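Enquirer: Show me the folded form of this:
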Amino acid sequence: MEVGKDSLSVEAYLATSEPIAMYAALQEIFKDRNIAQMNMVSNSSSDLTALAERIPLYSYILLDERKGTDSGVQVTVENGRVKSIYLNSGKKLSRWPESGSAKETIREGDAAEQLYGKFSEIKGRKSYAKKFERISLATKDMTKPFDPEMGRLPQWYFGYSTGDRTMEQVGVYLVNGKGSHVVVTKYKQW
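Expert: Prediction:
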């Protein structure tokens, strides 16, 4: 249940409106609060090649057709390795696609740095090419370097526990490539 909401300038919260400096300030906040990830709004592309250097910076990657499907693929990365693979239907996989050699499939335990090459191999298979119509880099690993494309996104957000049965969600809003404002929403579980 929402119990309060505050809106403040990004400078009041992070002391800067420059995305790279905002990211560095958030990394310090995250260390203090033991937060590892931050969600990105509208961070998607259909150009796999453009994402080659960016993919290892993210811990949650979604692959799907333009229109979402039950067979869309959700890849979670933790500590630089694929932790889990799910279909949008909720089916857990140990590898995707379910058939093919290690080079042609994403497997639990694969290094994040291998994902782009494996995605390229899979996209080259006609029956899977449509799953690369919408590639979403949804959750940023905050231990990894800044992704310059983050400055073009409309919002970054994260949440953290503030105590027994209470939490805050923080939305950092950007306009024209600069930090604009921050909205902190406070919640309490009854």
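
Enquirer: quick one: contacts for residue 140?
Expert: For residue 140, the contact set (C-beta atoms under 8 Å, 6 or more residues apart in numbering) comprises 37-40, 57-59, 147, 150, 156. Where you see a C-beta, it was placed from the backbone N, CA and C, and this is true even at glycine.

Enquirer: give me the element residue 25 is part of.
Expert: helix 19-33 (DSSP states H and E).

Enquirer: now the contacts of residue 140 in a markdown table, with pLDDT?
Expert: Below are the contacts of residue 140 laid out as a markdown table (pLDDT from 0 to 100):
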| residue | pLDDT |
| --- | --- |
| 37 | 96 |
| 38 | 98 |
| 39 | 98 |
| 40 | 98 |
| 57 | 97 |
| 58 | 98 |
| 59 | 98 |
| 147 | 98 |
| 150 | 97 |
| 156 | 98 |
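
Enquirer: Which of the residues you listed fall in strands?
Expert: Residues of those located in strands (DSSP state E): 37-40, 58-59, 156.

Enquirer: Which strand residues bridge the residue most central in space within the chain?
Expert: For the chain, the residue nearest the mean C-alpha position is residue 139 (1.5 Å; C-alpha atoms, centre = their mean). For residue 139, the beta-bridge partners are residue 39, residue 60 (DSSP bridges).

Enquirer: Domain map for this structure?
Expert: The chain breaks down into these domains under automatic domain parsing: 2-36+146-188, 44-141.

Enquirer: and residue 135, that's in a strand?
Expert: Yes: checked against DSSP: H, G, I helix; E, B strand; the rest coil, residue 135 lies within a strand.

Enquirer: Residue 89 versus that one, what's the distance?
Expert: To residue 89, residue 135 is 19 Å away according to C-beta to C-beta, to the nearest Å.

Enquirer: of these two, who's got more company?
Expert: residue 135 (22 against 9; other C-beta atoms under 10 Å).

Enquirer: how deep is the nearest residue in space to residue 103 that is not next to it in sequence tucked in, by neighbour count?
Expert: Computed as C-beta to C-beta, 6 or more residues apart in numbering, the closest residue to residue 103 that is not its neighbour in sequence is residue 121, at 6.2 Å. Neighbour count for residue 121, taken as other C-beta under 10 Å: 16.
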